[in-house]
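[1] only geometry, no sequence info:
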């Protein structure tokens, strides 16, 4: 299973929030480009970069993320505020390996389908889940479509992966939601990337057993709960 470091950008800094709450910022590093460089220089093959301000409509960190992409040289996937083709195409042009879309996948399914077919195997759909319900708008609102129905609809598309975040566990390092990941992995042919709650090697083992192909780790890496020197981002149970 691949481990992917998270670089969440807020107001120009690399941050980690507890539960996605802007009032609960636990980690703040002033230079996200330098942070990205440290992960890349250590041999990690992929970064997960998110513009938190764009995701929630608070602003944009596009210039900072463009510098990260220049440094990453094709080793980063980018999400947060990707509302349509123009946003996705811009990130691809700047060197993103993949784009991550959330709200678009549920608010405009036809637009998502067109995007996935234009850029096959380069679009990741973020299925953010809290208490069994899908969320959109930077985790600010519930999606009416049930999770299973969404998974069925997404099956036909040439996606790179599904990113499943257990929002109720995010940033807390108190354990992952293995049943949620297993539920999604058992219902899709797409690779599943898991996030939320990772705080130990045991959590990584739980995700691997649940069927995750990869895991995005943030708080646990930045606070030292996980060993940052995992060999090239690969964790072997």
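    Alright, I've got the coordinates. It should be emphasised that the depicted structure is a prediction, and the values quoted were computed from it without experimental measurement.

[2] wait, residue 197 sits on residue 167?
    No - checked against Cβ atoms under 8 Å, the pair residue 197 and residue 167 is beyond contact range at 9.8 Å. Backbone N, C-alpha and C define where each C-beta goes, glycine included.

[3] which of those two has more neighbours?
    residue 197 (26 against 20; other Cβ atoms under 10 Å).

[4] and that one, how far from residue 172?
    6 Å (Cβ to Cβ, to the nearest Å).

[5] same deal with residue 57?
    Taking Cβ to Cβ as the criterion, residue 57 is separated from residue 172 by 25 Å.

[6] neighbour-wise, which of the two wins?
    Set side by side, residue 57 and residue 172 show more neighbours around residue 172, with 17 against 11, by other Cβ under 10 Å.

[7] look up how far residue 219 lies from that one.
    Counting by Cβ to Cβ - residue 172 and residue 219 are separated by 8 Å.

[8] which neighbours do the two share?
    18, 199 (Cβ atoms under 8 Å, 6 or more residues apart in numbering).

[9] without its sequence neighbours, what residue ends up closest to residue 228?
    Among residues not flanking residue 228 along the chain, residue 221 sits closest, at 5.6 Å (Cβ to Cβ, 6 or more residues apart in numbering).

[10] who touches the helix or strand harbouring residue 53?
    Element membership for residue 53 (DSSP states H and E) is helix 52-55. Helix 52-55 is contacted by residues 8-11, 15, 17, 58-62, 79-81, 102, 137-138 when judged by Cβ under 8 Å, 6+ apart.

[11] what's the ChimeraX line that selects buried ones from those?
    Here is the ChimeraX selection string for the buried members of these, based on 16 or more other Cβ atoms under 10 Å:
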select :8,9,10,15,17,61,62,79,80,81,102,137,138
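
[12] inside helices: which ones of the contacts of helix 52-55?
    Counting by DSSP state H, the part of the contacts of helix 52-55 found in helices is residue 62.

[13] just the ones in strands from the contacts of helix 52-55, please.
    Using DSSP state E, the members of these that fall within strands are 8, 9, 10, 15, 17, 79.

[14] brilliant, that's me finished.
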